[in-house]
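Asks: got a predicted structure here, sequence first:
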Amino acid sequence: MSNAKISIIGNLVHDPALKRVNTSDVCNFTVAVNTTKREDGSYNANFYDCSYWNEKGRYYFSKLQKGTQVVVWGDLEVVNKKNLAGENVARLRVTVDDIRITNGIRGKEADKIEDTTEDVAEDTKKETDVTE
């Protein structure tokens, strides 16, 4: 695991995917973060492949969708791969520690985002009670 901690604010590029890896669940999604503004008014962006594991990942899988604005905190890792054309490319991967849905809130207002950790624990307990 990486020691580089990161926090990003951006929008989901596509709907998340929930996968089973051995005995764990993982919610995978990509966040686009605008960086510099181009002369034509559009923005350059960095893309972060995010993985959120287990109960919290299952919880947020049902809450996230393409276009959702989020704040993500986690461990950053740079992964080198070959693309379909055989070229070496670097991908930015974040193993998520925490996430907040901002609903488009920016700047100082983002600091006031409600903590949903207890909601996750309560929903996970309900899911456990139903499946037992």
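Replies: Noted; the coordinates are in hand.
Asks: touching, residue 60 and residue 27? I think so.
Replies: Yes. Using Cβ atoms under 8 Å, residue 60 is in contact with residue 27, at 5.7 Å. Yep, even glycine has a C-beta here, placed from its N, CA and C like the rest.
Asks: element containing the spatially most central residue of the chain?
Replies: Closest residue to the average C-alpha location of the chain: residue 50 at 4.5 Å, with Cα atoms, centre = their mean. Remark: residue 50 resides in strand 43-53, with elements defined by DSSP states H and E.
Asks: what's the first helix or strand after that strand?
Replies: That would be, after strand 43-53 and using DSSP H and E, helix 54-61.
Asks: please name the bridge partners of residue 77.
Replies: When bridges are called by DSSP bridges, residue 77 pairs up with residue 93.
Asks: could you report the neighbour count for it?
Replies: 16 (other Cβ atoms under 10 Å).
Asks: distance of it from residue 44?
Replies: The gap separating residue 77 from residue 44 is 22 Å, by Cβ to Cβ, to the nearest Å.
Asks: excluding chain neighbours, what is closest to residue 63?
Replies: residue 101 (6.4 Å; Cβ to Cβ, 6 or more residues apart in numbering).
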